[in-house]
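Participant: all I have is the shape, not the residue letters:
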């Protein structure tokens, strides 16, 4: 065994082939590089373009669906806003009908208009809240007044001051109510 300080005559380079091996290598025809055939290149390009086209079609379809949803949302919001704008008119009609008056063709006309409004709201999915006698729920009701009442259960609605409305599960307007303490 040689010490670390002694130099070896052996080199770490790989062994060279013998002279006979060199002649064999030199006499071999040069290896052709394995280039893909034009057919294979064309198939790969076609596949890549097909994939790219499919991705673009999917992106466009997603864009179209997203745009339709946004447009539907805008239409729904406009409809909700219009209904909310009509609710005070219905309140005025209800107040007019609630005042003492004699029945005549004028009051009959107001009743018919109120019925048409109610029908229109129902067709649009709007329904009035049933609040009187219910337990007060701050998600649905707005308490304007409280009253001491030992006969009724506390936090029970005893009077509806202004009707509340729902559209599906969404509150269009909270019912303004009088609640027991």
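Facilitator: That came through fine. On a predicted model such as this, the values are computed, not experimentally measured, just so you know.
Participant: quick one: strands adjacent to the helix or strand that contains residue 178?
Facilitator: In the assignment (DSSP states H and E), residue 178 maps to strand 175-180. Sheet pairing of strand 175-180 (DSSP bridges) gives strand 141-147 (parallel), strand 157-162 (antiparallel).
Participant: pull out the buried positions in stretch 39-57.
Facilitator: Neighbour-count burial for stretch 39-57 flags no residue at all (criterion: 16 or more other Cβ atoms under 10 Å). Bear in mind the C-beta positions are built from the backbone N, C-alpha and C, glycine included.
Participant: about what we covered before: which residues sit against the strand holding residue 178?
Facilitator: 129, 131, 136, 140-149, 152-164 (Cβ atoms under 8 Å, 6 or more residues apart in numbering).
Participant: can we see that at 6 Å?
Facilitator: 129, 131, 136, 141-147, 149, 152, 154, 156-162, 164 (Cβ atoms under 6 Å, 6 or more residues apart in numbering).
Participant: buried ones among those?
Facilitator: 129, 131, 136, 141, 143, 156-157, 160, 162, 164.
Participant: just the mean pLDDT for stretch 165-180, thanks.
Facilitator: Throughout stretch 165-180, pLDDT has a mean value of 94.
Participant: do stretch 64-76 as well
Facilitator: 94.
Participant: alright, I will stop here.
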